[in-house]
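Visitor: Predicted structure and sequence below. I'll ask about it afterward.
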Amino acid sequence: MTQDELKRLVAQAAVDYVRKNAPQGSVIGVGTGSTANCFIDALAPLQGHFCGAVASSEASRERLESIGFKVFDLNEVSEIPFYVDGADEVDAGLSAIKGGGAALTREKIVAAVASRFICIADASKKVEVLGRFPLPVEVIPMAREHVARRLKALGGEPKWREGVITDNGNLILDVHGLAITDPVGLESAIDHISGVVTNGLFARRPVDLLLLSSADGVVSFVRD
């Protein structure tokens with residue numbers, strides 16, 4: 001199967017899951033990226049089941065609106081039963097790296113509000129140790145070099161993702177060369193650097209349900 005076929009397969013599995021488990025008339029949280037786009041497309045027939053969605057990026061908001069979904073500002077919503085999004089890497093403990101699409105801050109906020117975080121990905125995204133995929137860090141522009149120096153002190157090689165401005169008006173540093181054996185500790189350490197908005201480790205609030213697709217079908221993993 002091609003990568004696009006695997007993405008569509010796991011996106012449909014997520015749609016089937018939320019259709020069965022989300023209360024009628026609830027609001028669903030939707031992530032950002034190519035796999036999340038497949039989920040949005042597959043979600044189109046369920047407009048009558050949900051009263052709307054919260055999007056983690058302007059791109060996802062536009063895609064949801066294009067299929068007829070009402071998109072709420074998160075400040076208008078008090079409950080989200082499910083947040084569905086992809087990931088760049090996920091480890092055995094269901095900590096994840098996200099932010100390849102530069103939407104990590106809004107993704108992390110929506111995930112924090114949701115009762116359950118459903119991650120959809122192909123099997124290649126599951127790893128023993130996080131860090132092969134560079135860890136994105138959203139940074140206030142004036143703090144870029146200060147944060148880069150601190151990230152080097154933590155053992156990483158930060159590279160500025162030039163030409164990319166987040167929906168929040170900030171910059172992205174991608175940190176290479178990390179072997180992340182303590183995702184919770186590293187997430188906290190990076191977030192405490194002055195000038196960091198947030199980083200792409202989803203460990204303090206990890207994935208609740210991981211759906212992985214392969215040529216053999218979709219396999220689920222549930223956080224203990």
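Guide: Cool, got the structure. Numbers count the residues shown, from 1 in each chain.
Visitor: which strand of the protein spans the most residues?
Guide: As assigned by DSSP state E, the longest strand anywhere in the chain is strand 114-122.
Visitor: What residues of stretch 81-99 count as buried?
Guide: Neighbour counts over stretch 81-99 (16 or more other Cβ atoms under 10 Å) mark 81-91, 94-99 as buried. Placement of C-beta: from N, CA and C, glycine included.
Visitor: And the strands in this structure?
Guide: 27-30, 52-55, 80-85, 89-90, 96-97, 114-122, 135-139, 157-160, 171-176, 196-199, 201-202, 209-214, 217-222.
Visitor: who does the fifth one touch, helix- and strand-wise?
Guide: Packing partners of strand 96-97 (3 or more Cβ pairs under 8 Å, 6 or more residues apart in numbering; DSSP states H and E): strand 89-90, strand 201-202.
Visitor: Can you give me the buried ones in the longest helix along the chain?
Guide: Longest among the helix segments of the chain by residue count, using DSSP state H, is helix 3-21. Neighbour counts over helix 3-21 (16+ other Cβ under 10 Å) mark L6, K7, R8, L9, V10, A11, Q12, A13, A14, V15, Y17, V18 as buried.
Visitor: One more: stretch 208-223?
Guide: D208, L209, L210, L211, L212, S213, V218.
Visitor: With pLDDT and distance to P136 as extra columns, can I get those in a markdown table?
Guide: As requested, those are exported to a markdown table (pLDDT from 0 to 100; distance: Cβ to Cβ, whole Å):
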| residue | pLDDT | distance to P136 |
| --- | --- | --- |
| D208 | 98 | 22 |
| L209 | 98 | 23 |
| L210 | 98 | 20 |
| L211 | 98 | 22 |
| L212 | 97 | 22 |
| S213 | 97 | 23 |
| V218 | 96 | 27 |
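Visitor: Is it possible to get JSON lines of these that adds distance to A112?
Guide: Shown next, in JSON lines, are the buried residues of stretch 208-223 (distance: Cβ to Cβ, whole Å):
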{"residue": "D208", "distance to A112": "12"}
{"residue": "L209", "distance to A112": "16"}
{"residue": "L210", "distance to A112": "18"}
{"residue": "L211", "distance to A112": "20"}
{"residue": "L212", "distance to A112": "23"}
{"residue": "S213", "distance to A112": "26"}
{"residue": "V218", "distance to A112": "26"}
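Visitor: For these, which two are the farthest from each other?
Guide: D208 and S213 (17.9 Å; Cβ to Cβ).
Visitor: Got the domain ranges for the chain?
Guide: 3-126+204-222, 135-200 (automatic domain parsing).
Visitor: how long is the longest one from one end to the other?
Guide: It refers to domain 3-126+204-222. 23 Å (Cα to Cα, to the nearest Å).
Visitor: The last one now?
Guide: Separation of the first and last residues of domain 135-200 by Cα to Cα is 6 Å.
Visitor: Run through the residues that contact the spatially closest residue to L186 that is not a sequence neighbour.
Guide: Leaving out its chain neighbours, the residue that sits closest to L186 by Cβ to Cβ, 6 or more residues apart in numbering is I180, at 5.6 Å. I180 is in contact with I97, V129, L130, G131, L135, L186, L201, counting by Cβ atoms under 8 Å, 6 or more residues apart in numbering.
Visitor: Try it again at 10 Å.
Guide: Remark: with contacts taken as Cβ atoms under 10 Å, 6 or more residues apart in numbering, I180 is in contact with 89, 91, 95, 97, 127, 129-132, 135, 156, 186-187, 201, 203.
Visitor: same thing with G156?
Guide: Going by Cβ under 10 Å, 6+ apart, the list of residues near G156 reads 131, 134-135, 137, 148, 150, 173-178, 180, 186, 190.
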